[in-house]
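Asks: sequence isn't available, so here's the structure alone:
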């Protein structure tokens, strides 16, 4: 009976230790610095709804975390004006596979290929509703 | 045996239980309850035998219908644009509170700090052994003898919803308009019987997720998608034994 208690105590101690370690390690070191929009681009995600609903792009992921500069994409492969790319006829997956828009980097070498991991960017109607706080139910569903 | 006769029998007691029977009972208990250990549920006995992934695929002789309609869903291509749902709703006059098909969503952890969405379209599986048909008291829902589609005869439906409870795939809803159960019928009345070859959802999908065709034909796209040795394919809830005709695979 006594031995079991000691074992249990040790287990509990280990679990607490593991918990503290996990919390400590998962916090990124730059978390306390304020996000600088001038350097890293707008903090709020870009959400495209054309031609399909919906695709998300985060500046933070590409600049702060991946180390890209503004002029890596602007204005050559993406116009800086909001909504400009979305208006264009060739803003399609086929065009991206040819190296346009996201395809400039997402070619399988510089970054993961555009024809893999669809849902890394495509968040769908449900992802769109979550991000925008839209609670309106889908017509018919 | 009638209850009256049962009462006349002697109580056998637990002492006289054959050990085989006892073992089976214990095994059942351990299987169901399992043991909660270190944050994961550990069952002391396996709930069923390990199966190869292809066990769910029917053999050549197991396509009883002609055409044997089937849908093969390339799951990892789905981006939840929901054009299929829009097309279905318009084509089949589905009201706002019901659905014939929808997209399930799950957040999957891909690294300690990142999550990614996973989407999975679901619809009626048009099972070869449909539990809904088995329980319908009025034969309002039935398996079409030619093409295997699980159909509804709305006039016969009394709205008891037993089929809704029996369906392992949550593929049925009660339609207020005609006070009857409504469900996917592979667009038989709205498209297939009018000469179209695809369901509305398959026709609307921009990413080739929903592939529809006759699985008894080895030349069909559905047959070929399902018989790629290098790709895994599966059905939902195989343990139910309903033998679905909606299959899932990946690119």
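Replies: Done, it's in. Given the structure is predicted, the values throughout are model-derived calculations rather than measurements.

Asks: and stretch B:181-188, how far from the chain's centre?
Replies: 14 Å (C-alpha atoms, centre = their mean, to the nearest Å).

Asks: end to end, how far does it reach?
Replies: 16 Å (C-alpha to C-alpha, to the nearest Å).

Asks: could you do stretch A:52-63 as well?
Replies: Start and end residues of stretch A:52-63 are separated by 25 Å (C-alpha to C-alpha).

Asks: wait, a strand at residue B:72?
Replies: Yes. According to DSSP: H, G, I helix; E, B strand; the rest coil, the state of residue B:72 is that of a strand.

Asks: dump the residue contacts of it.
Replies: Contact partners of residue B:72, counting by C-beta atoms under 8 Å, 6 or more residues apart in numbering or on different chains, are B:211, B:221, B:222, B:225, B:226, B:233, B:246, B:247, B:248, B:249. Using the backbone N, CA and C atoms, a C-beta is placed for each residue, glycine as well.

Asks: could you do residue B:249 as well?
Replies: Going by C-beta under 8 Å, 6+ apart, residue B:249 touches B:72, B:73, B:74, B:75, B:225, B:226, B:228, B:231, B:232, B:233, B:234.

Asks: beta partners for the second one?
Replies: It refers to residue B:73. Residue B:73 has these beta-bridge partners by DSSP bridges: residue B:210, residue B:248.

Asks: is it true that it touches residue B:247?
Replies: Yes. Using C-beta atoms under 8 Å, residue B:73 makes contact with residue B:247 at a distance of 7.0 Å.

Asks: quick one: pLDDT of residue B:239?
Replies: Predicted confidence (pLDDT) for residue B:239: 84.

Asks: over to residue A:3?
Replies: 55.

Asks: check residue B:15 too.
Replies: Listed pLDDT for residue B:15 reads 69.

Asks: for burial, what's the neighbour tally of residue A:83?
Replies: 10 (other C-beta atoms under 10 Å in any protein chain shown).

Asks: got the domain boundaries for chain B?
Replies: What automatic domain parsing lists as the domains of chain B is B:3-42, B:53-249.

Asks: I'd like the distance from the closest residue to chain A within chain B to residue B:133, if you could.
Replies: Closest to chain A within chain B is residue B:80: 2.3 Å, counting by C-beta to the nearest C-beta. Applying C-beta to C-beta, to the nearest Å, the value for residue B:80 to residue B:133 is 31 Å.

Asks: roughly how far does residue B:119 sit from residue B:62?
Replies: Separation of residue B:119 from residue B:62 (C-beta to C-beta): 29 Å.

Asks: looking at those two, which one has more neighbours?
Replies: residue B:119 (25 against 12).

Asks: just to check, that one is in contact with residue B:77?
Replies: No. Shown here, residue B:119 and residue B:77 do not form a contact pair, counting by C-beta under 8 Å, at 9.2 Å.
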